[in-house]
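Q: From the sequence below, what's the structure:
(2 chains)
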2 protein chains.
Amino acid sequence: MASPVKVYGPPMSTAVSRVLVTLIEKDVPFELVPIDLSKGEHKNPEYLKIQPFGQVPAFQDESITLFESRAICRYICDKYAEKGNKDLYGTDFLSKANIDQWVETDGQTYGPPSGVLMYQLLFVPKNVKDEGLIKQNEEKLGKVLDVYEQRLGESRFLAGDEFSFADLSHLPNGEYLVNATDKGHLFTSRKNVNRWWNEISNRESWKKVLEMRKNA
Amino acid sequence: MASPVKVYGPPMSTAVSRVLVTLIEKDVPFELVPIDLSKGEHKNPEYLKIQPFGQVPAFQDESITLFESRAICRYICDKYAEKGNKDLYGTDFLSKANIDQWVETDGQTYGPPSGVLMYQLLFVPKNVKDEGLIKQNEEKLGKVLDVYEQRLGESRFLAGDEFSFADLSHLPNGEYLVNATDKGHLFTSRKNVNRWWNEISNRESWKKVLEMRKNA
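A: Sure thing, here's the model as predicted:
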C-alpha cells in the first residue's frame, strides 16, 4: 500500500485547513505532520527545502512536494479524480473553469479583506488594533458579499448546483469571521449568503477539520 | 469558422495583459473589446452581467463567459491544449501542479507587495504617497525575490526548464515595476532574477502585448 500523503502544518491555519478539507472530501488518506509555528519550525532549513517561503502548508505525495494551498488542492483533485467527491473540481473543462473563477475570486477578492479582518480582530493586541483598517476592510468585504448574495440567489453554490472546490476554499476565513469575531453579521445578515454558509459549514468534511483543531 | 474569443478591458491593465499574452502564446485568435475605465464602463449593467465585481478583464468564448485573469488563462490552456505553446500549462498533472504552485505564488505572495508598490508609485499623487507603505512593500517584495533568486539558480524558469504560465503570470506587474518606477533594481540587482526577467520579458508574445498598449 502506498504511504499516505503528508500535510505539514497546524490545522488551525486557514491554508492548512483548506488542504485538509479537500483531502477529506476526496477520501484520500493523509498524515498530518505538526509544524510548531511558535517554535519557528516553519523557518527550519529542512522545512524551507519544501516550502522556501517558510509558510504553511507544505505537502508531499510520494516524490512530489508542493506548496500554496490552492495549488495543492488542484493537484489532489486532479490526481485523485476517481476518489471521493468526484464533482469537487468539475468533470469537464467548462465546469472546471467556472469553479476556477470562484476559487480565484476567493484568493484575490474575498481573501484579502477577510484576511485583514481576521488578523486585526484575532491577533493584533487591543491597544494597537487599527480601527480605520478594520472599518475599511469590513466595508470591502461587505461589497464583495453583496455580489455573492446576488450570485447565490441564482444558484445553490458559487459555481452552480454542486458543492465544489470554490465553496470549500471560502470555509477557512469564513469560519473564523463567523464564529470567532463580531463580524459574523456580514454573512448572517445576507439571506442567500447565510443559507450557503450554513450549508457549506455543516458538511461532514469541514466538521472533521474542526474536530482536528480541537484535538491539535 | 468560429468567432474569435473576446477579451473585455484595456491592454494597460495588468490582469487584461496576463490574458492577452496567454492567448498570443497559445495562438488563439481574439478580439479586444475596449472598456473605458475613465468613463466607468466597467460599472455598466450590461458589463456587470459578465463581471459582477466591475473589474477587468472579462472573457467570452462562444456561450461561456468568465472573469478572474488566472482562471481565464487556465481555461485557455485547457480548451486550446493542442494549439500554440503546448508546454505553457504542463503536459501532465505533475508538471501542471508545479506550474500551479508558482502561479499561486504570483497571486498570493509576489502580487500583493508588487501591486501596492505599483499603485503607490504610479497612481497616488506625490503629496499623498504613503512612504511607509512603499518602504514596507519594497522590503516584502525583496524578500520574495530572494527566494526567486535561489529558485532561479536551480532552474531556468520558475516551474522548470520550460517557460510556462507561471513565468508569464509575473510579467504584468514586473513590467511596470522595472520600466516605469525607480524600483527596477529589485529585479536587476539579483543575478538569476535579472537573467530570468530579461528572458521572459523579451518573448515575442509579451512584446506584442506592449505594442497593443502603444496602439490602444
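Q: contacts and neighbour counts: CA atoms only from here.
A: Noted.
Q: Okay, strands next: where are they in chain A?
A: With DSSP state E as the criterion, chain A has strands at A:5-8, A:30-33, A:58-61, A:64-67.
Q: Distance from the chain centre to stretch A:45-54, please.
A: Its chain's C-alpha centre and that of stretch A:45-54 lie 21 Å apart, by CA atoms, centre = their mean, to the nearest Å.
Q: Check stretch A:181-196 too.
A: Taking the mean of its C-alpha atoms, stretch A:181-196 sits 17 Å from the chain's own mean (CA atoms, centre = their mean).
Q: ok, and what's touching that stretch?
A: A:118, A:121-122, A:141-142, A:145-146, A:148-150, A:152-153, A:156-157, A:177-178, A:197 (CA atoms under 8 Å, 6 or more residues apart in numbering or on different chains).
Q: filter those residues to the buried ones?
A: Buried residues within those, counting neighbours by 16 or more other CA atoms under 10 Å in any protein chain shown: A:118, A:121, A:141-142, A:145-146, A:148-149, A:152-153, A:156-157, A:177-178, A:197.
Q: quick check, nearest of those residues to B:F93?
A: Nearest to B:F93 out of these is A:F157 (CA to CA; 26.6 Å).
Q: Does the closest one touch A:F165 like I think?
A: No - at 10.4 Å, A:F157 does not count as touching A:F165 under the criterion of CA atoms under 8 Å.
Q: mind exporting the longest helix seen in chain A as PDB, just the C-alpha atoms?
A: Assignment by DSSP state H gives helix A:131-154 as the longest helix of chain A. Only the C-alpha atoms of helix A:131-154 are listed here, as PDB (Å, rounded to 0.1, in the frame of the first residue of the first chain):
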ATOM      1  CA  GLU A 131      -9.700  50.700  13.700                       C
ATOM      2  CA  GLY A 132      -9.600  52.500  10.400                       C
ATOM      3  CA  LEU A 133      -8.300  49.400   8.600                       C
ATOM      4  CA  ILE A 134     -10.900  47.300  10.200                       C
ATOM      5  CA  LYS A 135     -13.700  49.600   9.100                       C
ATOM      6  CA  GLN A 136     -12.300  49.800   5.600                       C
ATOM      7  CA  ASN A 137     -12.000  46.100   5.200                       C
ATOM      8  CA  GLU A 138     -15.400  45.400   6.700                       C
ATOM      9  CA  GLU A 139     -16.800  47.700   4.000                       C
ATOM     10  CA  LYS A 140     -14.800  46.000   1.300                       C
ATOM     11  CA  LEU A 141     -15.900  42.500   2.400                       C
ATOM     12  CA  GLY A 142     -19.500  43.700   2.600                       C
ATOM     13  CA  LYS A 143     -19.400  44.800  -1.000                       C
ATOM     14  CA  VAL A 144     -17.800  41.500  -2.100                       C
ATOM     15  CA  LEU A 145     -20.500  39.600  -0.200                       C
ATOM     16  CA  ASP A 146     -23.200  41.700  -1.900                       C
ATOM     17  CA  VAL A 147     -22.100  40.200  -5.200                       C
ATOM     18  CA  TYR A 148     -22.100  36.700  -3.600                       C
ATOM     19  CA  GLU A 149     -25.600  37.400  -2.300                       C
ATOM     20  CA  GLN A 150     -26.800  38.000  -5.900                       C
ATOM     21  CA  ARG A 151     -24.900  35.000  -7.300                       C
ATOM     22  CA  LEU A 152     -26.200  32.700  -4.500                       C
ATOM     23  CA  GLY A 153     -29.800  33.900  -5.400                       C
ATOM     24  CA  GLU A 154     -29.200  32.400  -8.900                       C
END
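Q: Mind giving me the packing neighbours of it?
A: The contact analysis (3 or more CA pairs under 8 Å, 6 or more residues apart in numbering or on different chains; DSSP states H and E) places helix A:131-154 against helix A:111-118, helix A:185-188, helix A:191-201.
Q: so of the ones you listed, which one's packed in deepest?
A: Mean neighbours per residue, mean count of other CA atoms under 10 Å in any protein chain shown, is largest over the helices and strands packed on helix A:131-154 for helix A:111-118, with a mean of 20.
Q: Please list the outside residues in contact with it.
A: Contacts of helix A:111-118 (CA under 8 Å, 6+ apart): A:105, A:134, A:137-138, A:140-141, A:173-174, A:176-177, A:181.
Q: could you dump stretch A:162-179 to CSV, C-alpha only?
A: In CSV, the C-alpha atoms belonging to stretch A:162-179 read as follows (Å, rounded to 0.1, in the frame of the first residue of the first chain):
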residue,chain,number,x,y,z
GLU,A,162,-23.0,21.2,-6.8
PHE,A,163,-20.8,21.9,-3.8
SER,A,164,-17.3,22.4,-5.2
PHE,A,165,-13.7,23.4,-4.5
ALA,A,166,-14.9,27.0,-5.0
ASP,A,167,-17.2,26.9,-1.9
LEU,A,168,-14.7,24.8,0.1
SER,A,169,-12.0,27.4,-0.5
HIS,A,170,-14.0,30.0,1.4
LEU,A,171,-14.5,27.9,4.5
PRO,A,172,-11.4,28.7,6.5
ASN,A,173,-11.6,32.5,6.6
GLY,A,174,-15.4,32.4,6.9
GLU,A,175,-15.2,30.0,9.9
TYR,A,176,-13.1,32.5,11.9
LEU,A,177,-15.1,35.5,10.9
VAL,A,178,-18.5,34.0,11.7
ASN,A,179,-17.6,32.1,14.9
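Q: can you tell me if stretch A:33-52 touches chain B.
A: Yes - judged by CA under 8 Å from any CA of the partner chain, stretch A:33-52 and chain B are in contact via A:P52.
Q: Counting neighbours, which bits of that stretch end up buried?
A: Residues of stretch A:33-52 classed as buried: A:35, A:41-43, A:47, A:50-52 (neighbour count, 16+ other CA under 10 Å).
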